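1. Here you go, sequence then predicted model.
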Amino acid sequence: MTLWGGRFSTKLNQQAWDLNSSLSVDQRMAIQDVDGSIAWANALHKANILLDEEHASISLGLDTVKREFASGEFIFVPSDEDIHTAVERRLTELVGAVAGKLHTGRSRNDQVATDFRLWMLQTIPQLDSAIRILQSALIEQAEKANETLMPGYTHLQRAQPILLAHWWLSHFHPLQRDRERLTDLIKRVSILPLGSGALSGTPVPVDRAALAESLGFAVASPNSLDAVSDRDFAAEFLFCATLTGIHLSKLAEQIVLYTSAEFGFFELSDSFSTGSSLMPQKKNPDVFELTRGKAGTLIGMLAGLLATLKGLPSTYDKDLQEDKAPVFQATDTLLAILPVIAGALRTITAKPQRMRNAIDSFMMATDLADYLVDKGIPFRETHAIAGKAVRLAGEKNVQLEELSLEAYQALSPAFEADVYQVFDPLKSVEKRNAIGGTSLQSVKNQIQKIKGV
Ligand code: ARG
C-alpha cells in the first residue's frame, strides 16, 4: 500500500522507488510519528470528524503500534515507503478501513516536520547531559591540579606561565556556551507544524494551540507555508553540534600534542589508549584523533544541509528529505564521542614536573617589563629594554635569570637586586588576579562560580 497512487496507471519504477523511500532514515522517528498521530486523532475527534467508536478504535490501534515499536516487534514490509506509511499500513491491518480517516486534513508535509521537531525536543536534553558530564570531568581535573603550573602558548610558542587548572577550565566555557545555544534553540524547535496541511492549512476546525500543548510544543506555527518548509531548526541544530565538535577537536588536538614524548605533559590511562600492530612501544591517543577527525565530518554535514536549503522554491520540496540523515548522524557522533572523552580526561595523568620544566625564564619577559613599569617607566620603553635583555641572554646562550645585575643595570639603571624575583613563574601567575586571570584566587573564584551554575 502506498499513501498515493489513484492517479497513476503503473507502479513506480523499482529503482525510483528505492531512491524515493526514506524509511531507512525516518524509522528512527517511529515513536514520534505515532505520538503525532494519536494527538491528531484526538483533534479529529474533538472536531467531530471521528465518531467516538472510530476514535476509540484508532487510538487503541495506535497504542498497539507504539507498543510494537517500543518492544521491537514491529515488522516493516517492502511497501513501507516511509515511517508515516508504515504506521498507517499497520494501523489499517489492526483496525481496518477506519484507519483511513486518520489522514483527514493532514499531509506528510506537516507530519514529517512535526515528527522531526518532536524528536529534536527529546534529543536536546540527551546531548546537554552528555556535554555536562564532560564538563564535570574538566572541573574535577581543574580541582585536582591545585597549584600546578604549565606553559601557556600563543602561536604554539611559549608565552606566559599559567595554572593547569586555568587551562582545564578554558575548555569548560566553550562547552557551557554550547549548552546555552542548545537550550536557546528549544524555543525555535518547539513550534508545531501539524495542522498546516500540505501547505495551505487544514480545513479541519482544530484548536491548534491545544494540539500544540498536547504534544508538548510551546506554540502552533503561525504560517502554514513556512511551517512545512522551515528547516532552520535542523540547520541550527547541526551548527550547534558542529561547533561542539570543533570545541572537542581543539581540546583533542591539545591532548594529542601534550601526550607526545616531546611535550610529555599528560599520560593517557591504558583504558583510553590504543596500541600499534607493529610497534610494540606505541601508546596512541586514537580516541582524541577520531574526535578531531569527526569534527571535519560534522562541518561537512552542516555545509551539506545549508546547500540543500539554499534556493528551494516554497513550500515543501522533496529535497527536504535530506534533512534528517545529517542531523541523526551528528547526534550519534557526539553521543559516541562525549562519554569517551569524559572518561579519557577523568583518567588522564598530569605530569607537573614536565610542565614546570617547560617554563623558562623568557616566559617572564613580560614580568620583567612590568617590573620597570612599577618603577615608573612607560611600558613601551620597558618592553624594549626587556627585549634587549632577551637578546643579550640569547647571544650568551643563558637564561634571563643568569644575566648579572650589572648587565641589567647597563640596560636600565632602574634595575635593582630584587629583579630576580620576577623569574618565579608562580609570582607571575599570582599577579594575574583580575577577574578571568590565571591567579590561584581568580581560578578558585572561577570554579566556585561554575559550580553555582
Ligand atoms: N519522507 C518525506 C520527508 O522526509 C516525508 C514528506 C513527504 N511528503 C511528500 N509530499 N512526498 O521529507
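-> Okay, I see it. Residues are numbered from 1 along each chain as shown.

2. In the stretch 301-450 of the chain, which residue sits nearest the ligand?
-> Residue nearest to the ligand within the stretch 301-450 of the chain (Cβ to the nearest ligand atom): residue 321, separated by 3.8 Å. C-beta coordinates here come from the backbone N, C-alpha and C atoms, glycine included.

3. pretty sure that residue is touching residue 24, no?
-> No: using Cβ atoms under 8 Å, residue 321 is not in contact with residue 24, being 11.5 Å away.

4. ok, those two, which is more surrounded?
-> Counted by other Cβ atoms under 10 Å, residue 321 and residue 24 do not tie: residue 321 has more neighbours, with 17 against 11.

5. starting at the chain centroid, how far to stretch 119-130?
-> 10 Å (Cα atoms, centre = their mean, to the nearest Å).

6. Just the buried positions in that stretch, please.
-> Buried residues in stretch 119-130, defined by neighbour count with 16 or more other Cβ atoms under 10 Å: 119, 120, 121, 123, 124, 127, 128, 130.

7. how about the nearest residue to the last one, chain neighbours excluded?
-> Here the nearest residue to residue 130 in space, its sequence neighbours aside, is residue 338; by Cβ to Cβ, 6 or more residues apart in numbering that works out to 4.0 Å.

8. which helices and strands does the helix or strand hosting the one you found pack with?
-> Using DSSP states H and E, the element containing residue 338 is helix 324-346. Helix 324-346 sits against helix 23-26, helix 108-145, helix 232-258, helix 286-309, with contacts defined as 3 or more Cβ pairs under 8 Å, 6 or more residues apart in numbering; DSSP states H and E.

9. mind exporting that helix as PDB, just the C-alpha atoms?
-> C-alpha atoms of helix 324-346 as PDB (Å, rounded to 0.1, in the frame of the first residue of the first chain):
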ATOM      1  CA  LYS A 324      17.300  14.100   8.700                       C
ATOM      2  CA  ALA A 325      20.300  11.900   8.000                       C
ATOM      3  CA  PRO A 326      22.900  14.500   8.800                       C
ATOM      4  CA  VAL A 327      21.100  15.500  12.000                       C
ATOM      5  CA  PHE A 328      20.800  11.900  13.200                       C
ATOM      6  CA  GLN A 329      24.500  11.200  12.300                       C
ATOM      7  CA  ALA A 330      25.700  14.400  14.000                       C
ATOM      8  CA  THR A 331      23.800  13.400  17.100                       C
ATOM      9  CA  ASP A 332      25.100   9.900  17.100                       C
ATOM     10  CA  THR A 333      28.600  11.200  16.600                       C
ATOM     11  CA  LEU A 334      28.500  13.500  19.600                       C
ATOM     12  CA  LEU A 335      26.800  10.900  21.800                       C
ATOM     13  CA  ALA A 336      29.600   8.500  20.900                       C
ATOM     14  CA  ILE A 337      32.400  10.900  21.400                       C
ATOM     15  CA  LEU A 338      31.400  12.800  24.500                       C
ATOM     16  CA  PRO A 339      31.300  10.000  27.100                       C
ATOM     17  CA  VAL A 340      34.600   8.600  25.800                       C
ATOM     18  CA  ILE A 341      36.400  12.000  26.000                       C
ATOM     19  CA  ALA A 342      34.900  12.500  29.500                       C
ATOM     20  CA  GLY A 343      36.300   9.100  30.600                       C
ATOM     21  CA  ALA A 344      39.700   9.700  29.000                       C
ATOM     22  CA  LEU A 345      40.000  13.100  30.700                       C
ATOM     23  CA  ARG A 346      38.900  11.800  34.000                       C
END
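
10. Much appreciated, bye for now.
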